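Participant: Build me a model:
(2 chains)
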Amino acid sequence: MPLIEARDLSRVYDLDSGRVTALDRVSLDIEAGDLVAVMGPSGSGKSTFMNLIGCLDRPTGGHYRLDGVAVETLGSDGLAELRNRKLGFVFQQFNLLPRVDACANVELPMVYAGADRKTRRQRALAALGRVGLGERAHHRPMQLSGGQQQRVAIARALVNEPRLLLADEPTGALDSRTALEILALFQDLNREGVTVVLVTHDAEVARHARRVIRFRDGRLLSDQRQEAADARGALLALDAHTAAPEPVPETAA
Amino acid sequence: MSLLEAIRSALSAIGANALRSALTMLGIIIGVAAVIAMVAIGSGARERVTSQIKSLGANLAIVQSGNVTQGGARLGAGASSTLTDEDATAIAREVDGVVAAAPVIITRAQAVFGGANWSTQITATDLDFFTAREWDVGEGRLFEPEELRRGEIVAIIGQTVARNLFGEQNPLEQQFRIRNVPFKVIGVMAPKGQSALGQDQDDVIFVPLDTGRRRIVGRNYARDRSVQTIMVKFASEDAIAPGIEQTSALLRQRHRLMADQEDDFIVRNLTEIANTATQAANTLSWLLAAVAGVSLLVGGIGIMNIMLVSVTERTREIGLRLAVGARQRDVLAQFLIEATTLATIGGAVGIALGIGSALMIARIAGWPSVVSIETILIAVGVSGMIGVFFGFYPARQAARLDPIEALRRE
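Facilitator: Numbering: from 1, shown residues only, chains lettered A, B, ... in the order given. Have a look, this model is predicted:
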């Protein structure tokens, strides 16, 4: 059974200016353990697709099963629970809570899962260790670099051990080197068995996926498998090239 | 998330905008302080009146001589003595519901005992006085009817006089002098304490009416039966008003006043006088209640306003919380708790301020300060309820946000 099973998935918006079909009868499967890039220019429907498979929105037509659950039958509490248990989100702007430290940020999904304080703390620290930030658990977002903040966000997305990691332009706010580090982290996590879907308009990012799905005008344009570029190898090459005594960034523990 | 954690996180959100939060709380603070002060003043005044009535004796009316017109000049109350002890006897006999009617003459004189002397109030009266004031001797005895009838030179002294004149000695059966007349002490009154006006009620010497009239005031011609006041005690509060009317009619008849003549006496209902103090306090209370009501309303609107601002500012945070699995009711609860915490902190500060001002007003007015636990609980409850009431709308706005829209918001 595929992890994601979309059949004739449509999303139509009723706007004042008329009906807009953002997604038009899209059918596709995503298997567990895959690393997929979803591409397309703005207005192509890729964001709408992401919102639908992320259970943030409900389709106006078609069917969508996530891990066997028919999403279109759920109410808003059911969707919230699904997001909490089966999905992890990573955003372009990190979306960390500024007033609390990294650990508390990572704990947030577990708060809504009803875990007790001790379990939360324990698992949050483990997740931060997994993204290489074990030492900075008690720093506030302001005290962390952009790359570190995105790692905190990834730890937060991982902490409930979701079936799917959904990243929306995760490198859009980062410089190219830090972007590579984050992509390397995604590849590491994927090797450990986490299913990753990267939504991006950047072909450079999409190069690091094993499957690339392209959207245009709300329809599926292409769906290709490819040899994924190795982000960690690229980082090593970059370090060798610049010959700067920069330490190899710590990654997955 | 446990409630405690939710409150802690609300406190951190409030602390992040400390000044803004403090300004928002101002309305609640003033409102709650006004409520506390209002209740304290109201009950303080009530307590004072009760103690006043208690120390004076309940259901009392006082008849004073007054308003005599002599050759066209109107003289004030008490300027001449139109009342007599026979009036008192008549009131006791003929007016319904009268328990006691005591004729009273009050003067000041120097009392001398050995080397000690003390200026004090001399009250010449009869046994009805002690009934009316609900006041008895602590030691010794009251006057015998025979002593009263014959005007014997005996005295009952108050505690203050006993202390100042006799010191450590037992005053009973001792002789002391007033205006060179040797009085024998037959009793010492039980302590009564301060009157509502701060007068020491134990600083007094009681003598039989006739003795006082002849030996101290110095009206020694037998025809003069005049007294300054008559103290009338009624059986119940309901009996006072009709009793006063009957008394007036009786006295007009006894004084042979024509229909067009004014009363030559004044009847005062002491319970009523005490009640005017309550009325003044009530006016103040109502004023404070108005301030409290308006402040609490404004405070509540302030909280609603600031929570709406907060929801707008934290739209992305709400979007994120929804994305990681918060249900609508989790978001609703978060903002409700925040509003309630804000209001409750305001309430707590208001309570402190209210107690402070209640104590200050009590000191200035000389009232017992009354701040009850109930008042405080009510104040906390009211401010919490304001938080819930005025926080609900913003919290619902937050909970109904579309996560996609919320995440996209800058």
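
Participant: domains for chain B, by residue range?
Facilitator: B:3-52+B:279-408, B:104-225 (automatic domain parsing).

Participant: need the contact list for whichever residue of the stretch 251-400 of chain B sits closest to chain A.
Facilitator: Across the stretch 251-400 of chain B, no residue is closer to chain A than B:G325, which sits at 2.4 Å (C-beta to the nearest C-beta). To be clear about C-beta, it is placed using only N, CA and C from the backbone, and glycine gets the same treatment. Contacts for B:G325 (C-beta atoms under 8 Å, 6 or more residues apart in numbering or on different chains) come out as A:80-81, A:83-85, A:109, A:112-113, A:160.

Participant: so what's the backbone phi/psi at it?
Facilitator: Main-chain dihedrals, B:G325, degrees, to the nearest 10: phi 120, psi 10.

Participant: ok, and the closest non-adjacent residue to B:V311?
Facilitator: Once flanking residues are discounted, B:V311 sits nearest to B:A398: 4.5 Å by C-beta to C-beta, 6 or more residues apart in numbering or on different chains.

Participant: Hmm, B:R316 and the one you found touching each other?
Facilitator: No. In this structure, B:A398 is not within contact of B:R316 by C-beta atoms under 8 Å, at 11.9 Å.

Participant: more crowded one of those two?
Facilitator: The neighbour comparison of B:A398 against B:R316 (other C-beta atoms under 10 Å in any protein chain shown) goes to B:A398, with 27 against 17.

Participant: contacting residues for the more buried one?
Facilitator: Applying C-beta under 8 Å, 6+ apart to B:A398 gives the contacts B:311, B:314, B:318, B:331-332, B:334-335.

Participant: Strands of the stretch 151-253 of chain A, residue ranges please.
Facilitator: Here the stretch 151-253 of chain A has its strands, by DSSP state E, counting those that start in this stretch, at A:164-168, A:195-200, A:211-216, A:219-225.

Participant: by contact count, what packs against the longest helix belonging to chain B?
Facilitator: In chain B, taking DSSP state H as the definition, the longest helix is helix B:270-313. The helices and strands touching helix B:270-313, judged by 3 or more C-beta pairs under 8 Å, 6 or more residues apart in numbering or on different chains; DSSP states H and E, are helix B:18-56, strand B:60-65, helix B:328-365, helix B:373-399.

Participant: could you check the angle helix B:270-313 makes with the second one?
Facilitator: Just to be clear, that refers to strand B:60-65. Put simply, strand B:60-65 runs at 120 degrees to helix B:270-313, going by axes from the mean of the first three to the mean of the last three C-alpha atoms, to 10 degrees.

Participant: centre of the chain versus strand B:60-65, how much separation?
Facilitator: Distance, stretch centre to chain centre, for strand B:60-65: 22 Å (C-alpha atoms, centre = their mean, to the nearest Å).

Participant: Show me what it is in contact with.
Facilitator: By C-beta under 8 Å, 6+ apart, strand B:60-65 touches B:77-83, B:87, B:91, B:132, B:226, B:228-234, B:240, B:243-244, B:247, B:251, B:264-271.

Participant: one more time with 7 Å
Facilitator: Here strand B:60-65 makes contact (C-beta atoms under 7 Å, 6 or more residues apart in numbering or on different chains) with B:77-78, B:80-83, B:132, B:228-234, B:240, B:243-244, B:247, B:264-271.

Participant: Drop anything exposed from the residues you listed.
Facilitator: Those of those that meet the buried threshold are B:78, B:81-83, B:132, B:228-234, B:240, B:243-244, B:247, B:264-267, B:269-271, by 16 or more other C-beta atoms under 10 Å in any protein chain shown.

Participant: For chain A, give the helix that spans the most residues.
Facilitator: Counting residues, the longest helix found in chain A (DSSP H) is helix A:176-191.

Participant: Just the buried positions in that one, please.
Facilitator: A:178-190.

Participant: again with stretch A:129-145
Facilitator: Buried residues in stretch A:129-145 (16+ other C-beta under 10 Å): A:130-133, A:136-137, A:139-141, A:144.

Participant: what are the phi and psi angles of the residue in the stretch 51-200 of chain A that chain B sits nearest to?
Facilitator: Residue nearest to chain B within the stretch 51-200 of chain A (C-beta to the nearest C-beta): A:N84, separated by 2.4 Å. In terms of degrees, to the nearest 10, the main-chain angles of A:N84 are phi -70, psi -40.

Participant: ok, back up a step: could you dump the strands of the stretch 151-253 of chain A to JSON lines with mean neighbour count?
Facilitator: JSON lines is the format used below for those (neighbours: other C-beta atoms under 10 Å in any protein chain shown):
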{"stretch": "strand A:164-168", "mean neighbour count": "24"}
{"stretch": "strand A:195-200", "mean neighbour count": "24"}
{"stretch": "strand A:211-216", "mean neighbour count": "20"}
{"stretch": "strand A:219-225", "mean neighbour count": "13"}
